[in-house]
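Q: Predicted model, plus sequence, below.
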Amino acid sequence: MNIGICVPTRQRVDWTRRMIESCLDTASKPDKIIISLRIDMSDFESHEGYKQLIRPGIDKILIGREKCLSLLWNDAYDMIKTQTDINLHAGDDLIFRSQHWDQIIRDEAENFPNGVGAVYFDDAIQHKDLATHGFYSKKWSEALGFFMPPYYTANFNDTHQTWLGKNLKQQGYDNCFVYRGDISLEHMHPSNPNGNTSWSEPVYKLQLMRMQRDKCDQLYLSKQDERQKDLEKLLAAIKGG
C-alpha cells in the first residue's frame, strides 16, 4: 500500500524539509511513501530549495499559479492519485513523532468497509475532536469526486471531512473514521503549546487574512447541503453503490 503526502507550501523550505525528513525517518517503509508538493509560481525565491527536497523518480512537485488553498491540495493529490492508496491532507508545519506510523495506517485500512475510510492521529492540539491532518483512502476521495472540498481558502477542509467521518460513525460505520491517539503527528501551529511559532509568521498572517476576507466560517455553514450530499456519496460507496 503506497501512502501519499500531499502538501501545498509557500516560503517554508526548511519547515517542509523537517516535515519530510521526520515522515521518512519514522516510516517502516519509506519506499512506499510518495511526497507531492504544490508550490506557488510567485514564490520564485523558494523554487530551487523545494526541488532539492524531492527524491527523483519517486516524489512529485508542481509549480503553478496561485489559487484557492483547497484546490492546491487537490492539485497535489492529482499528481500521485494513480500511484497511491491512501493520502494525507498534510501541512508543512507537521512533525511525524511516532515510529512505524505508516504500518498503523495499513493495518487500519484493512478494516475499511469496501475500502472507504480515513485515519487520523493525535496532532497535539485538537486531539480526537478534529482530523486536522487526515489520511483518506483512494475510494473515499473517488466517491466524493475530490481530495479536499474545493471551497475553502483558509481552514475548514478538516472540519468538512471530520463532519463526514463522524456522521459515518453515527450510521454505524466505526471502521470508516479511525482515531489513533497513541500515534503522534504533531502540528507545529501557533496554538500548539509545544511550538515556538506565532501568528506573525508570514504564511500564518496570510491564512488569517484569507479567513477574515473570505468569511470561511460562514462559507462552511453555507455548505451544509453539500456536506449532506457528500455523506450520501460515501454511504453509497461503502454499500457498493
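A: All right, it came through fine.
Q: can you pull the contacts of the residue nearest the centre of the chain?
A: What sits nearest the mean C-alpha location of the chain, by Cα atoms, centre = their mean, is residue 89, with 0.6 Å. By Cβ atoms under 8 Å, 6 or more residues apart in numbering, the contact list for residue 89 reads 6, 73, 133, 134, 135, 136, 147, 148, 157, 158, 161. All C-beta spots, glycine's among them, are computed from the backbone N, C-alpha and C.
Q: Take the residues you listed and keep only those in strands.
A: Of these, the ones assigned to strands by DSSP state E are 6, 135, 136.
Q: quick one, longest strand in this structure?
A: As assigned by DSSP E, the longest strand anywhere in the chain is strand 177-187.
Q: buried ones in the lowest-mean-pLDDT helix or strand in the chain?
A: Of the helices and strands making up the chain, the lowest-confidence element is helix 202-214, at a mean of 82, by mean pLDDT, DSSP states H and E. By neighbour count with 16 or more other Cβ atoms under 10 Å, helix 202-214 contains the buried residues 203, 207, 210, 211.
Q: so what secondary structure elements neighbour the helix or strand hosting residue 36?
A: For residue 36, the host element (DSSP states H and E) is strand 33-40. Counting contacts by 3 or more Cβ pairs under 8 Å, 6 or more residues apart in numbering; DSSP states H and E, strand 33-40 packs against strand 3-9, helix 13-26, helix 47-51, strand 60-64, helix 69-80.
Q: Can I get those in TSV including mean pLDDT?
A: Shown next, in TSV, are the helices and strands packed on strand 33-40 (pLDDT from 0 to 100):
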stretch	mean pLDDT
strand 3-9	98
helix 13-26	98
helix 47-51	97
strand 60-64	98
helix 69-80	97
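Q: can you list the ones you listed in TSV and add mean neighbour count and distance to residue 177?
A: Formatted as TSV, the helices and strands packed on strand 33-40 follow (neighbours: other Cβ atoms under 10 Å; distance: least, Cβ to Cβ, whole Å):
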stretch	mean neighbour count	distance to residue 177
strand 3-9	26	18
helix 13-26	18	22
helix 47-51	15	32
strand 60-64	16	27
helix 69-80	22	19
